[in-house]
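Novice: From the sequence below, what's the structure:
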Amino acid sequence: QVQLVESGGGLVRAGGSLRLSCAASGRTLSTYAMGWFRQAPGKERDFVAGIDWSGGSTYASNSVKGRFTISRDNAKNTVYLQMNSLKSEDTAVYYCAAGALAVFPRRWSYWGQGTQVTVSS
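Specialist: Take a look at the predicted model:
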């Protein structure tokens, strides 16, 4: 079992930055791909970014490419999402996930409880 806990969300002005963290416990993260998803009210949970087990390959959705960066520190069992140039449409609950690298939420095995990101215009 893997337990994931996100932190770093909050309220930020458009154009600002936030850094989300996802700390894991229970098992080492080094064997799992990691990802970030987000879900706005009334919408589906969407893929934001993913990173393979080694950190050697990263992926980002077109909506955040060039603004968001995913990274991981396997020694600290932590994955990060650096979010720059935030827009109001980035407002959502952000979830960390561990498992198979995929854009579909059902392919991931473990989820955190989510952290709210609100971007004011």
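Novice: Nearest the geometric middle of the protein, what residue?
Specialist: Residue closest to the average C-alpha location in the chain (Cα atoms, centre = their mean): residue 36, at 2.4 Å.
Novice: Please give me every residue in contact with that one.
Specialist: The contact partners of residue 36, taken as Cβ atoms under 8 Å, 6 or more residues apart in numbering, are 20, 22, 48-50, 68, 70, 79, 81, 94-97. From N, CA and C alone the C-beta is placed, and that goes for glycine too.
Novice: Next step: the residues you listed restricted to strands.
Specialist: Members of those lying in strands (criterion: DSSP state E): 20, 22, 48-50, 68, 70, 79, 81, 94-97.
Novice: Check these and tell me the two furthest apart.
Specialist: Pairwise distances among those were taken by Cβ to Cβ; the largest, 15.2 Å, belongs to 68 and 97.
Novice: the more surrounded of the two?
Specialist: A direct count of neighbours by other Cβ atoms under 10 Å for residue 68 and residue 97 places residue 97 higher, at 27 against 21.
Novice: Could you check how far that one is from residue 31?
Specialist: Taking Cβ to Cβ, to the nearest Å as the criterion, residue 97 is separated from residue 31 by 14 Å.
Novice: Find the nearest non-adjacent residue to residue 112, please.
Specialist: Nearest non-adjacent residue to residue 112, counting by Cβ to Cβ, 6 or more residues apart in numbering: residue 4, 3.7 Å away.
Novice: Also residue 111?
Specialist: Closest to residue 111 by Cβ to Cβ, 6+ apart is residue 97, at 5.3 Å.
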